[in-house]
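> Would you be able to build a 3D model of this:
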Amino acid sequence: MNFLGKSLTVTILAVGLVGCNGVNESQDKNDNDVRPIGYYSNEGDNRGDLDRGNGFITDMTDRDVNDHTATYHEDYDGKLAERIAKNVNDIRGVDDAHVILEDNNVIVGIDTDKKKKTELTNKVREITSKLAPNRDVKIVADRNMVNRIENVDNNLRDGRAYTEVESDVRGISNDIVNAGSDLGNAIKRPFENNR
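Residues are numbered from 1 along each chain as shown. I've put the predicted structure just below:
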């Protein structure tokens, strides 16, 4: 039995090594079937990233305002939007604020605790009205609407022209007006106006 086991083992090894014989494609130096390999470079990135070199996934997903210098398009009043967002973010109880300027409107989305919505909405309105006295102020604390406002704000911060996000802003503004104080209807169709 010992002889049979050794013979079987040697036979299996010999058969296995037969497949390794010959020149395979990896050893062929004249083979040019290489797929193009891309690379990511953030050289020339004008956002002033402090985490430059950490890779494209980090760069794509990192929306921390403290790490990026906003580069608003020249046709958008980014300084006013940033000033309003900074002052609103300084209010105790506001976790995060995003601002969109639309014609004579200021749309402020705030992330906060549901229990503090009414109190904070009044504070945000007061501060925003002082910073933008000739504009109608709309405050939103509904999480889904705030996400939509944040997406538009991030696109504007990344230098997109207002005309590129105008339909989104119009949709957000219409949903706020149509919903009144009940934003349930606004949540039903978040992307309907993006045509």
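
> Can you pull the poorly scored residue ranges out of the chain?
Residue ranges of the chain with pLDDT under 70: 1, 18-70, 180-195.

> Kindly recompute the last result at 90.
Applying pLDDT under 90 to the chain picks out residues 1-78, 95, 102-103, 112-122, 134, 141-143, 157-163, 173-195.

> Would you map the helices across it?
Assigned by DSSP state H, the helices in the chain fall at 2-18, 56-61, 78-89, 117-131, 143-157, 162-179, 184-188.

> Number of residues surrounding residue 133?
8 (other CB atoms under 10 Å). C-beta coordinates here come from the backbone N, C-alpha and C atoms, glycine included.

> Now stretch 139-152: buried residues?
By neighbour count with 16 or more other CB atoms under 10 Å, stretch 139-152 contains the buried residues 139-142, 145-146, 148-152.

> Distance-wise, check residue 11 relative to residue 103.
84 Å (CB to CB, to the nearest Å).

> Can you tell me the closest non-neighbouring residue to residue 172?
Excluding the flanking residues, the one nearest residue 172 by CB to CB, 6 or more residues apart in numbering is residue 148, at 5.5 Å.

> on that earlier part again, can you add distance to residue 108 and give the helices of the chain back as a markdown table?
Below are the helices of the chain laid out as a markdown table (distance: least, CB to CB, whole Å):
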| stretch | distance to residue 108 |
| --- | --- |
| helix 2-18 | 69 |
| helix 56-61 | 24 |
| helix 78-89 | 6 |
| helix 117-131 | 6 |
| helix 143-157 | 8 |
| helix 162-179 | 11 |
| helix 184-188 | 15 |
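
> For stretch 97-106, output the C-alpha coordinates as CSV.
Extracted as CSV, the C-alpha positions of stretch 97-106 are listed here (Å, rounded to 0.1, in the frame of the first residue of the first chain):
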residue,chain,number,x,y,z
ALA,A,97,-25.4,74.5,7.1
HIS,A,98,-25.5,74.9,3.4
VAL,A,99,-26.5,78.0,1.5
ILE,A,100,-27.7,78.6,-2.1
LEU,A,101,-28.2,82.1,-3.4
GLU,A,102,-31.0,82.3,-6.1
ASP,A,103,-32.0,85.7,-7.5
ASN,A,104,-33.5,87.5,-4.5
ASN,A,105,-33.6,84.3,-2.4
VAL,A,106,-31.3,82.8,0.1
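
> Give me the contacts around that stretch.
76-77, 80-82, 84-85, 88-89, 107-111, 124, 128, 132, 134-138, 146, 149-150, 152-154, 156, 169-170, 172-173 (CB atoms under 8 Å, 6 or more residues apart in numbering).
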